[in-house]
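Enquirer: Sequence and predicted model, in that order:
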Amino acid sequence: MITGENHLRTAWRVCLGLGVIPPLSLLYLRTKLDEPEAYKRETMKHAKIPWWLVIKFYWFRLIIVSLVWFSKSNHHSSMCIFDPDEQSTM
(Lines give C-alpha, C1' and ligand atoms only; values in the text may rest on other atoms or scores of the structure.)
Protein backbone atom coordinates (compact mmCIF):
# COMPACT_ATOMS: atom_id res chain seq x y z
CA MET A 1 0.00 0.00 0.00
CA ILE A 2 1.16 3.48 -0.76
CA THR A 3 -0.08 5.14 2.43
CA GLY A 4 0.45 2.31 4.90
CA GLU A 5 -1.82 1.11 7.66
CA ASN A 6 -1.59 4.34 9.66
CA HIS A 7 -2.91 6.61 6.93
CA LEU A 8 -5.97 4.81 5.58
CA ARG A 9 -8.23 7.81 6.29
CA THR A 10 -6.10 9.90 3.98
CA ALA A 11 -6.13 7.19 1.32
CA TRP A 12 -9.90 6.85 1.08
CA ARG A 13 -10.42 10.61 1.12
CA VAL A 14 -7.95 11.06 -1.72
CA CYS A 15 -9.62 8.25 -3.69
CA LEU A 16 -13.04 9.76 -3.10
CA GLY A 17 -11.81 13.21 -4.10
CA LEU A 18 -10.23 11.91 -7.29
CA GLY A 19 -13.33 9.86 -8.09
CA VAL A 20 -15.56 12.94 -7.94
CA ILE A 21 -13.63 14.85 -10.60
CA PRO A 22 -14.77 12.93 -13.76
CA PRO A 23 -18.54 12.99 -12.98
CA LEU A 24 -18.48 16.66 -12.03
CA SER A 25 -16.56 17.60 -15.15
CA LEU A 26 -19.03 15.66 -17.31
CA LEU A 27 -21.95 17.35 -15.56
CA TYR A 28 -20.41 20.77 -16.20
CA LEU A 29 -19.74 19.98 -19.86
CA ARG A 30 -23.25 18.55 -20.31
CA THR A 31 -24.83 21.76 -19.03
CA LYS A 32 -22.73 23.90 -21.38
CA LEU A 33 -23.22 21.93 -24.63
CA ASP A 34 -26.16 22.51 -26.97
CA GLU A 35 -28.38 19.75 -28.25
CA PRO A 36 -27.68 18.58 -31.82
CA GLU A 37 -29.97 19.91 -34.55
CA ALA A 38 -31.17 16.41 -35.43
CA TYR A 39 -32.34 15.87 -31.85
CA LYS A 40 -34.06 19.24 -31.75
CA ARG A 41 -35.94 18.40 -34.96
CA GLU A 42 -37.01 14.94 -33.85
CA THR A 43 -37.95 15.74 -30.26
CA MET A 44 -41.48 14.88 -29.14
CA LYS A 45 -41.93 18.12 -27.23
CA HIS A 46 -44.73 19.32 -29.49
CA ALA A 47 -46.11 15.92 -30.51
CA LYS A 48 -49.80 15.21 -30.11
CA ILE A 49 -50.32 12.09 -27.98
CA PRO A 50 -53.25 9.88 -29.07
CA TRP A 51 -54.68 9.26 -25.61
CA TRP A 52 -57.65 7.31 -26.98
CA LEU A 53 -55.29 4.76 -28.54
CA VAL A 54 -53.31 4.48 -25.32
CA ILE A 55 -56.45 3.70 -23.36
CA LYS A 56 -57.80 1.44 -26.12
CA PHE A 57 -54.72 -0.79 -26.19
CA TYR A 58 -53.63 -0.69 -22.54
CA TRP A 59 -56.88 -0.39 -20.55
CA PHE A 60 -56.71 -3.92 -19.15
CA ARG A 61 -53.10 -3.56 -17.95
CA LEU A 62 -53.83 -0.13 -16.48
CA ILE A 63 -56.75 -1.48 -14.48
CA ILE A 64 -54.81 -4.51 -13.19
CA VAL A 65 -51.81 -2.43 -12.14
CA SER A 66 -54.08 0.16 -10.52
CA LEU A 67 -55.91 -2.52 -8.54
CA VAL A 68 -52.69 -4.15 -7.37
CA TRP A 69 -51.25 -0.77 -6.43
CA PHE A 70 -54.43 0.21 -4.55
CA SER A 71 -54.67 -3.11 -2.71
CA LYS A 72 -51.00 -2.95 -1.67
CA SER A 73 -51.43 0.62 -0.45
CA ASN A 74 -54.68 -0.18 1.33
CA HIS A 75 -53.23 -3.30 2.93
CA HIS A 76 -50.12 -1.49 4.11
CA SER A 77 -52.03 1.44 5.61
CA SER A 78 -54.38 -0.89 7.49
CA MET A 79 -51.40 -2.84 8.83
CA CYS A 80 -49.84 0.41 10.09
CA ILE A 81 -52.92 1.07 12.21
CA PHE A 82 -52.59 -2.23 14.06
CA ASP A 83 -48.81 -2.63 14.00
CA PRO A 84 -46.83 0.61 14.44
CA ASP A 85 -43.55 -1.19 13.66
CA GLU A 86 -44.83 -1.86 10.13
CA GLN A 87 -44.37 1.82 9.25
CA SER A 88 -40.62 1.57 9.65
CA THR A 89 -40.35 -1.15 6.97
CA MET A 90 -41.76 1.06 4.22
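Expert: Cool, got the structure.
Enquirer: Out of the helices and strands in this protein, which is least certain?
Expert: Every helix and strand of the chain was ranked by mean pLDDT, DSSP states H and E. The lowest is helix 51-82, at a mean of 80.
Enquirer: Burial check on residue 41, number of neighbours?
Expert: Under the neighbour criterion other CB atoms under 10 Å, residue 41 is assigned a count of 7. Quick note: C-beta positions are derived from backbone N, CA and C, even for glycine.
Enquirer: how near is it to residue 51?
Expert: Relative to residue 51, residue 41 is positioned 24 Å away (CB to CB, to the nearest Å).
Enquirer: Would you mind checking the average pLDDT for the helix or strand where residue 20 lies?
Expert: In the assignment (DSSP states H and E), residue 20 maps to helix 8-32. For helix 8-32, the mean per-residue pLDDT is 91.
Enquirer: continuing past it, what's the next helix or strand?
Expert: helix 37-42.
Enquirer: Can you report phi and psi for residue 43?
Expert: Backbone torsions of residue 43, given as degrees, to the nearest 10, read phi -70, psi 150.
Enquirer: residues near it, how many?
Expert: When counting by other CB under 10 Å, one arrives at 10 neighbours for residue 43.
Enquirer: ok, now the one 3 residues further on?
Expert: Taking other CB under 10 Å as the criterion, the count of residues near residue 46 is 5.
Enquirer: Now do the SS call for it.
Expert: When classified by DSSP: H, G, I helix; E, B strand; the rest coil, residue 46 comes out as coil.
Enquirer: ok, now how distant is residue 38 from residue 65?
Expert: To residue 65, residue 38 is 35 Å away according to CB to CB.
Enquirer: ok, these two, which is more surrounded?
Expert: Per other CB under 10 Å, whichever of residue 38 and residue 65 has more neighbours is residue 65, with 11 against 8.
Enquirer: OK, contacts around residue 7?
Expert: Listed by CB atoms under 8 Å, 6 or more residues apart in numbering, the contact set of residue 7 is empty.
Enquirer: Count residues in the vicinity of residue 11, would you?
Expert: Counted with other CB under 10 Å, the neighbours of residue 11 add up to 13.
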